[in-house]
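[1] What follows is a predicted structure for the sequence shown.
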Amino acid sequence: MNTELPLSPLSTEPDGTATDRVFDAIYRAVLEHRLAPGEWLREAEMATEFKVSRTVVRQALQRLAQDQVIELRHNRGARVPLPSLEDAVHVFEARRIVECEVARRLGGRLTPEQLAELRAVAQAEQAADQRGDRAEAIRMSGEFHHALTRMHGNPVFGRLLNGLLPTTSLLMARFKVDGGQVCVAHRHVDLIDALLRGSAPAAAEMRKHLVELERSLVDTPVRGRRLRDAFAAYRDTPQPEPELP
């Protein structure tokens with residue numbers, strides 16, 4: 001079973017255009033905490049990193065801004081959003097409306113194949129967490145929620161979640177102690193068990209899960225990082241490390 005998280009909400013094929021490739025990398029870098037909240041995205045530096053023109057980078061940034069994954073500031077360039085705790089209230093309210101309904105609809109109705117997929121994603125998330133692969137654990141956490149929405153079958157819910165997950169990830173990076181994992185793997189196992197029990201338990205467990213995430217947020221300072229570090233996992237070819245003197 002393929003547990004790959006779709007590269008982005010708009011580009012799901014790995015052999016897309018250069019603009020798709022840059023879009024996908026930035027989307028995933030935000031989702032996986034490789035880019036910090038408030039970090040500036042410099043066109044020239046990204047063009048060099050991805051070996052594309054600044055026009056391609058600009059097109060990707062415009063698409064990301066339309067999806068509210070990044071912000072375009074007049075005469076200043078592109079920036080990763082800096083969500084507030086007030087934003088968290090709105091984001092989690094929206095997620096509860098969407099995802100509790102998804103869970104309610106799926107409760108007691110999942111096929112054996114769907115259950116196997118969810119269990120495989122939860123196991124992959126737990127394995128990544130245990131080996132200290134934080135980016136992979138975050139990615140698989142997002143895939144778990146994506147998978148549930150796909151199984152629900154309403155594409156509007158899917159688009160809504162695509163817009164909410166990056167902001168959730170930024171909130172976790174900014175306000176969760178130690179920038180911790182967006183979700184906890186055992187909670188996803190609990191969700192699977194609740195989905196087996198029926199609609200009401202599934203919706204209640206999803207609500208509990210999302211409320212716990214929201215309550216885990218505390219005011220913490222923002223940490224920056226280099227763009228080269230943020231996009232290292234997405235370059236076509238690895239760059240040689242400079243030799244130490």
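    Thanks, I have it.
[2] these two touch, right, residue 104 and residue 198?
    No - using Cβ atoms under 8 Å, residue 104 makes no contact with residue 198, being 9.3 Å away. All C-beta spots, glycine's among them, are computed from the backbone N, C-alpha and C.
[3] Pick out whichever of the two has more residues nearby.
    Set residue 104 next to residue 198 and count neighbours by other Cβ atoms under 10 Å: residue 104 wins out with 20 against 13.
[4] so who does that one touch?
    Residue 104 is in contact with 199, 200, 202, 203, counting by Cβ atoms under 8 Å, 6 or more residues apart in numbering.
[5] Of those, grab the buried ones for ChimeraX.
    The ChimeraX selection below is limited to those of the contacts of residue 104 classed as buried (16 or more other Cβ atoms under 10 Å):
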select :199,202,203
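[6] Can you tell me which of the contacts of residue 104 is nearest residue 117?
    residue 202 (16.0 Å; Cβ to Cβ).
[7] least trustworthy helix or strand in the chain by mean pLDDT?
    Ranked by mean pLDDT, DSSP states H and E, the weakest helix or strand in the chain is helix 227-230, scoring a mean of 57.
[8] any idea how far residue 29 is from the residue nearest to residue 195 when sequence neighbours are not counted?
    Closest residue in space to residue 195, ignoring its immediate chain neighbours: residue 202 at 4.6 Å, by Cβ to Cβ, 6 or more residues apart in numbering. Look at residue 202 and residue 29: by Cβ to Cβ, to the nearest Å, they are 32 Å apart.
[9] Equivalent analysis for residue 88, please.
    21 Å.
[10] which one of those two has more residues nearby?
    When residue 88 and residue 29 are compared for neighbours, residue 29 comes out ahead with 26 against 20, by other Cβ under 10 Å.
[11] one step back: didn't the residue nearest to residue 195 look like it was pressed against residue 106?
    Yes - using Cβ under 8 Å, residue 202 is in contact with residue 106, at 6.4 Å.
[12] mind listing what's buried in the helix or strand hosting residue 145?
    Per DSSP states H and E: residue 145 is located in helix 134-152. Residues 134, 136-152 are the ones in helix 134-152 that count as buried (16+ other Cβ under 10 Å).
[13] Tell me which helix or strand comes right after that helix.
    Toward the C-terminal end, the helix or strand that comes next after helix 134-152 (DSSP H and E) is helix 155-175.
[14] Can you give the distance of the helix or strand following that next one from its chain's centre?
    Once helix 155-175 ends, the next helix or strand along the chain (criterion: DSSP H and E) is helix 185-197. Relative to the centre of its chain, helix 185-197 is centred 20 Å away, using Cα atoms, centre = their mean, to the nearest Å.
[15] Just the CA trace of the helix or strand just after helix 185-197, in CSV.
    Next along the chain after helix 185-197, taking DSSP H and E as the criterion, comes helix 199-215. Taking C-alpha atoms only, helix 199-215 is exported to CSV below (Å, rounded to 0.1, in the frame of the first residue of the first chain):
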residue,chain,number,x,y,z
SER,A,199,-20.7,7.1,13.9
ALA,A,200,-21.1,8.7,17.3
PRO,A,201,-17.8,7.3,18.8
ALA,A,202,-15.9,8.2,15.7
ALA,A,203,-17.1,11.8,15.7
ALA,A,204,-16.5,12.1,19.5
GLU,A,205,-12.9,10.7,19.2
MET,A,206,-12.1,13.1,16.3
ARG,A,207,-13.4,16.1,18.3
LYS,A,208,-11.3,14.9,21.3
HIS,A,209,-8.2,14.6,19.1
LEU,A,210,-8.5,18.1,17.6
VAL,A,211,-9.3,19.7,20.9
GLU,A,212,-6.2,18.1,22.4
LEU,A,213,-4.1,19.5,19.5
GLU,A,214,-5.5,23.0,20.0
ARG,A,215,-4.9,22.9,23.8
